[in-house]
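Visitor: Provided below for reference: sequence and predicted model.
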Amino acid sequence: MKGTGSKNAWALFLFMLTGIVLGGFIGMLAEGVPALSWLGYGQAFGLEEPIVLNLGILAFSLAVIFQLVTLPVEFNASGRAVHILGGSGMLYDDEVNATKKVLFAAALTYVAGAISSILQLLRIIMIANNRRR
C-alpha cells in the first residue's frame, strides 16, 4: 500500500475545499431567508466596522512580516540539512542532488505562502480603501 497516505491527504484536501465552496454558496443562497441568515455570517466577518477592519489589517500585516522573516531561515535550514545529510554518509552521491531539489521545493512552499499572504493583505487594504470613500 505504498502512497496511500498521499492519496488520503489529497482526498481530505479536496473534501475540505468542496465544503468551503459549497458552504459559501449555501450562505449566499440563504441570505434572503430570515431563519437561515446565520449561514452567511462568515462572509462579512470582520468587515463591518472600520476599527475591526483596521485591526485585521494590522494583525495580517504582522503575519506577513513573520512569514517574510521566516523565508531566509527556511532556506538556510534546507542548505544545512543537505550539508549534514551529504557529509554524514547517510546519502549516496546521486541522492544528494535529488535531496537538494526536494528541499529547495519545500522551501519554495514558504515563498508561495508569503506571496499569497501579501496578495491577501493587499486585497484587504483595497477593500478598506473602497469602504472609506
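Guide: Structure received.
Visitor: next, the most far-flung residue of the chain relative to its centre: secondary structure please.
Guide: Seen from the C-alpha centroid of the chain, the residue lying at the greatest distance (CA atoms, centre = their mean) is G89, 35.2 Å away. Using DSSP: H, G, I helix; E, B strand; the rest coil as the criterion, the local structure at G89 reads coil.
Visitor: for it, give its distance to E95.
Guide: Taken as CB to CB, to the nearest Å, the spacing of G89 relative to E95 amounts to 11 Å. For glycine as for every other residue, the C-beta is placed from the backbone atoms N, C-alpha and C.
Visitor: how does the protein divide into domains?
Guide: 1-45, 46-133 (automatic domain parsing).
Visitor: tell me, which of these is the model least confident about?
Guide: Least confidently modelled of these is domain 1-45, at a mean of 69 by mean pLDDT.
Visitor: ok, which stretches of the chain are strands?
Guide: The residue ranges that make up strands in the chain, judged by DSSP state E, are empty, as it has none.
Visitor: middle-most residue in it, spatially?
Guide: Residue closest to the mean C-alpha point of the chain, counted by CA atoms, centre = their mean, is G113 at 5.1 Å.
Visitor: list the residues that contact it.
Guide: Q67 (CB atoms under 8 Å, 6 or more residues apart in numbering).
Visitor: all numbers from here: first residue = 25
Guide: All right, first residue 25 from here; so that's G137.
Visitor: give the contact list for the residue nearest to I81 when sequence neighbours are not counted.
Guide: Counting by CB to CB, 6 or more residues apart in numbering, I148 is the residue found nearest to I81 once chain neighbours are left out, at 5.7 Å. With contacts taken as CB under 8 Å, 6+ apart, I148 has the following neighbours: 77, 80-81, 84.
Visitor: ok, Y116 next?
Guide: If a contact means CB under 8 Å, 6+ apart, then Y116 has no contacts.
Visitor: any idea how far it is from V126?
Guide: In this view, Y116 and V126 are 15 Å apart by CB to CB.
Visitor: thanks a lot, catch you later.
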